[in-house]
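1. The sequence isn't on hand, but the structure is:
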């Protein structure tokens, strides 16, 4: 089931399962900007990563002295979210703890996800509320898959909003992120060149990244979409090799390394939230040009 919102220029559809962004099309031209979850390539479109990002090195963490098996990227992707607000240009979904989540994530919480349109901008806002009586530990991350205009991957590049040298961390075959600092070369336009083999070794992972804006443009300099955020400190960029989309993924935490603590409170990027307190984060996708 999809819920739709509209602006003068865009129509956006959101799945109730996972509160997952499923479609973003132009009203003139009907151009789709969100990967359509083709199961032959990758069956996602924009999963929400809560309360962890990536994998746990032992498959579990310890919370209150108990081993807790939290799935890769958390558990939102398969949860039914409740639609709690809906207007022509905005909607809000909510999920909360239940008997199942408490068995592997023993915290009481409410997670609200708001989608709001303004002309050619879609803003996605996460609000985490600690509804329990003790400190909540969590992180949240984004994973939207944005389409390339054509299947010719090498015809596009990702421009970023920093001139600082870029370094990435190695991703192992097990999905662990080793915090090495390996330089990432830019092309002659000071951008990240997309190629069919760029993601052969999994995602480009930027720990404590200076990047806050990523723009897709073709090699003629035409800009197609832009994603921006303000505070989220880490970044993943990923796609299946030679697939006609790219995921821009601001994260509050990242996958374990081979030496990460299995104490959840000590895991990199995990945030404490006091009882009754609220935490927000967001990103915006902007459709560029006249298409």
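-> Happy to help now that I have it. Since the model is a prediction, treat every value here as computed from it, not as a measurement.
2. Show me which residues of stretch 87-99 are buried.
-> By neighbour count with 16 or more other C-beta atoms under 10 Å, stretch 87-99 contains the buried residues 89-95, 97. (C-beta placed from N, C-alpha, C; glycine too.)
3. cool, and stretch 102-114?
-> Neighbour counts over stretch 102-114 (16+ other C-beta under 10 Å) mark 104-109, 111-114 as buried.
4. show me the contacts for the residue of the chain most remote from its centre.
-> Farthest-out residue of the chain from its mean C-alpha position, per C-alpha atoms, centre = their mean: residue 65, at 29.8 Å. Counting by C-beta atoms under 8 Å, 6 or more residues apart in numbering, residue 65 touches no other residue.
5. From the buried residues of stretch 102-114, which land in strands?
-> Cross-referencing these against strands under DSSP state E gives 109, 111-114.
6. which residues in this structure form helices?
-> Counting by DSSP state H, the chain has helices at residues 101-104.
7. Endpoints of stretch 239-255, how far apart?
-> Counting by C-alpha to C-alpha, to the nearest Å, you get 17 Å between the two ends of stretch 239-255.
8. distance between it and the chain's centre?
-> Distance, stretch centre to chain centre, for stretch 239-255: 7 Å (C-alpha atoms, centre = their mean, to the nearest Å).
9. now swap in stretch 109-122 and tell me
-> Relative to the centre of its chain, stretch 109-122 is centred 14 Å away, using C-alpha atoms, centre = their mean.
10. Begin at 57, not 1, for the rest of this chat.
-> Renumbered: residue one is now 57, and that last one reads stretch 165-178.
11. quick check: mean pLDDT across it?
-> Confidence over stretch 165-178 (mean pLDDT, whole number) is 97.
12. swap in stretch 282-300?
-> On average, stretch 282-300 scores 97.
13. Then stretch 220-237?
-> The average pLDDT within stretch 220-237 is 93.
14. One more: stretch 325-345?
-> In this model, stretch 325-345 has an average pLDDT of 96.
15. what does stretch 205-213 give?
-> Mean per-residue pLDDT for stretch 205-213: 97.
16. Give me the subset of the buried residues of stretch 143-155 that lies in strands.
-> Per DSSP E, the subset of the buried residues of stretch 143-155 in strands is 146-151.
17. which one among the buried residues of stretch 158-170 gets closest to residue 267?
-> Nearest to residue 267 among those: residue 169, at 22.9 Å, using C-beta to C-beta.
18. for the nearest residue to that closest one once chain neighbours are set aside, what are its contacts?
-> Counting by C-beta to C-beta, 6 or more residues apart in numbering, residue 169 lies nearest to residue 75, which is 4.4 Å off, once chain neighbours are set aside. By C-beta under 8 Å, 6+ apart, the contact set of residue 75 is 104, 132, 137, 149, 151, 169.
19. Could you rerun that using 10 Å?
-> Going by C-beta atoms under 10 Å, 6 or more residues apart in numbering, residue 75 touches 59, 102-104, 132-133, 135-139, 147-151, 167-171, 180, 182.
20. Now stretch 231-242: buried residues?
-> By neighbour count with 16+ other C-beta under 10 Å, stretch 231-242 contains the buried residues 232-233, 242.
21. Residue 271 versus residue 278, what's the distance?
-> Counting by C-beta to C-beta, to the nearest Å, the separation of residue 278 from residue 271 is 11 Å.
22. Who has more neighbours out of the two?
-> Neighbours around residue 278 and residue 271, counted as other C-beta atoms under 10 Å, are more numerous at residue 271. The numbers are 19 against 13.
23. Report the contact partners of residue 294.
-> The neighbours of residue 294, taking C-beta under 10 Å, 6+ apart as the test, are 98, 199, 201, 227, 254-255, 258-261, 301-305.
24. which residues in the stretch 107-256 of the chain form strands?
-> 117-119, 122-124, 138-143, 146-152, 165-174, 177-186, 192-194, 201-203, 212-216, 222-227, 233-240, 248-249 (DSSP state E, counting those that start in this stretch).
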